[in-house]
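> Mind folding the following:
(one chain, ligands or ions: 1)
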Amino acid sequence: MRWIMHVDMDAFFASVEQLDNPEYRGKPLIVGGRAHRGVVSTCSYEARKYGVHSAMPIAQAQRLCPCCIFVSGRMWRYVEVSQQIMKIFSEFSPCVEPLSIDEAFLDLSGMEHLVGDITALGPKIKTRIKEATGLTASVGLAPNKFLAKLGSDLRKPDGLVIIKPEEARNFIAPLPVNKIFGIGKKANEELNKIGIFTIGQLAVCDKIYLKNILGNNTTLVQNLALGIDDRQVENSREPKSIGRETTYGDDLLTQKEYHDALWNLSQQVGWRVRNSGLVGHTVTLKVKYRSFKSVTRSVTAETPVSLDEDIFALVEKLVAQVKWAEPVRLLGVTVSKFATAGELVLDFAHDEKREKRNATLDALKNKFGEQIIKRGK
Ligand SMILES: [Mg+2]
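Got it, this is the predicted structure:
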């Protein structure tokens, strides 16, 4: 069962200023100015009452709210607080996807085994943030990213919205369609013109009528309206790719030479991929010739790979797509498009013998260093 939390700090920059400068508290405050190209970066909730909002030109904000306090902002301080918050996020989940300096998605799926009631984590993280930083956050807790973000936005500031999967569709149905991320002013107007004002109306509308307005996004948006969103929380601490490349002292000339060199690189990459606990769908081969011309070829396999032999098998496929007429000065092998944990469970071709062999060699390399052993093919 999926549980995703979206945590978003309330009026972040302005709240930090009010925290550090008690004389600003309870007053309309605008952070922005020259450093932000003359637009409002963040404003306190007191300023919002005057109609001021982010991205508004400072001059306009001054007209709307002459009594506002204007400060230019202290980014170093916001980064400092941001790091505190991100650290708290990582206490709650190993899988955190920061969206900006003051908000992130946390994947809490499967944690009921550890914490019992997952919904209790909502108030808990708010309290933890308040105690550590003195600031308030708004939290959305739901079965997917769309609903979680929608939830955190709904009762700002200091909000907490929990949307249970069985309630999701009814919960969002009465909300205006522009609550769906990506439905801007224009699409909103067009939808209103054909009589669609709420998410519930959008959910049941025939696609034929939506196609003109939403184009290629019709199915995606309608799924969101039904409360369906399969996007994963992307853990940013994981690397996007793991690769190794070598420039050879003497250019490689024969098929055997580059074959051996690529097997060697595949092992180096495989070891690193497995040590990171990852498996990747895509393998990329890079070849640079004596003339400094270079080519890159990639292949994406349905089953993700991490074993030396599997990586090398894909490399060999790519070898067939590259010309080897010229001497080679550099070769590179990279594994990318890492699978998410959920994907691993099923379609994984188990080969115990090979897995054991890889594991034994990994243990040796981890203990004595990578150079301890090189495998023949
Ligand atoms: Mg925020």
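
> burial measure for the residue in the stretch 51-200 of the chain that the ion sits nearest to, as a count.
Distance from the ion to each residue of the stretch 51-200 of the chain (C-beta to the ion) is smallest for Asp102, at 4.5 Å. Bear in mind the C-beta positions are built from the backbone N, C-alpha and C, glycine included. By other C-beta atoms under 10 Å, 23 other residues sit near Asp102.

> That one and Thr133, how far apart?
11 Å (C-beta to C-beta, to the nearest Å).

> what do the two both touch?
Shared contacts of Asp102 and Thr133 (C-beta atoms under 8 Å, 6 or more residues apart in numbering): Ile85.

> hang on, the earlier thing: if I pick the residue of the stretch 51-200 of the chain closest to the ion, what's in contact with it?
8-9, 12, 78, 82, 85.

> Would you mind measuring from it to Met86?
10 Å.

> ditto for Ile30
26 Å.

> Among these two, which residue is more densely surrounded?
Ile30 (28 against 15).

> so what's that one bridging to?
Beta-bridge pairing of Ile30 under DSSP bridges involves Cys43, Phe70.

> Packing partners of the helix or strand that contains Lys186?
Counting by DSSP states H and E, the element that carries Lys186 is helix 185-193. Where contact means 3 or more C-beta pairs under 8 Å, 6 or more residues apart in numbering; DSSP states H and E, helix 185-193 is packed against helix 207-214.

> list the buried ones in the next helix or strand after the helix it packs on?
The helix or strand immediately downstream of helix 207-214 is helix 218-225, counting by DSSP H and E. For helix 218-225, burial by neighbour count (16 or more other C-beta atoms under 10 Å) applies to 218, 221-222, 224-225.

> Quick check: closest non-adjacent residue to Val161.
Gly151 (3.6 Å; C-beta to C-beta, 6 or more residues apart in numbering).

> how many neighbours does that neighbour have?
By other C-beta under 10 Å, the burial measure for Gly151, its neighbour count, is 27.

> what sits against the closest residue to Arg274 other than its chain neighbours?
Spatial nearest neighbour of Arg274, excluding adjacent residues (C-beta to C-beta, 6+ apart): Ser306 at 5.0 Å. Counting by C-beta under 8 Å, 6+ apart, Ser306 touches 270, 273-274, 278-280, 335.

> what about 10 Å?
242, 269-280, 335, 338-339, 348, 355, 358 (C-beta atoms under 10 Å, 6 or more residues apart in numbering).

> what's the answer for Ala61, then?
28, 30, 32, 39-40, 43, 47, 50-53, 68, 70.

> Specify the residue ranges that define each domain of this structure.
Following automatic domain parsing, one gets these domains for the chain: 1-163, 170-225, 241-372.

> The second one - what's its average pLDDT?
Confidence over domain 170-225, taken as the mean pLDDT, stands at 93.

> ok so, going back, most tightly surrounded among the domains of the chain?
Mean neighbour count (mean count of other C-beta atoms under 10 Å) peaks for domain 1-163 among the domains of the chain, with a mean of 18.

> Quick one: end-to-end length of that one, please.
13 Å (C-alpha to C-alpha, to the nearest Å).

> hmm, back to that, show only the entries of the contacts of Ser306 found in strands.
Using DSSP state E, the members of the contacts of Ser306 that fall in strands are 242, 280, 335, 338.

> Who are the contact partners of Phe89?
5, 7, 95-98, 103-106, 125, 128-129.

> Which strand or helix spans it?
Following DSSP H and E, one finds Phe89 within helix 75-92.

> Tell me the residues of the stretch 51-200 of the chain that contact the ion?
Asp102 (C-beta under 5 Å from the ion).

> Show me where the stretch 51-200 of the chain has its helices.
Assigned by DSSP state H, counting those that start in this stretch, the stretch 51-200 of the chain shows helices spanning 58-64, 75-92, 112-115, 121-133, 145-154, 168-172, 185-193, 199-204.

> Am I right that Pro157 is in contact with Tyr45?
Yes - contact between Pro157 and Tyr45 holds when scored by C-beta atoms under 10 Å: they sit 6.0 Å apart.

> which residues do the two both contact?
With C-beta under 10 Å, 6+ apart, Pro157 and Tyr45 have common neighbours 10-11, 15.

> Quickly note the distance from Asn223 to the ion.
26 Å (C-beta to the ion, to the nearest Å).

> ah, wrong one, I meant Val269
39 Å.

> Please apply the same query to Asp206.
37 Å.

> residues in contact with that residue?
By C-beta under 10 Å, 6+ apart, the residues touching Asp206 are Gln222.
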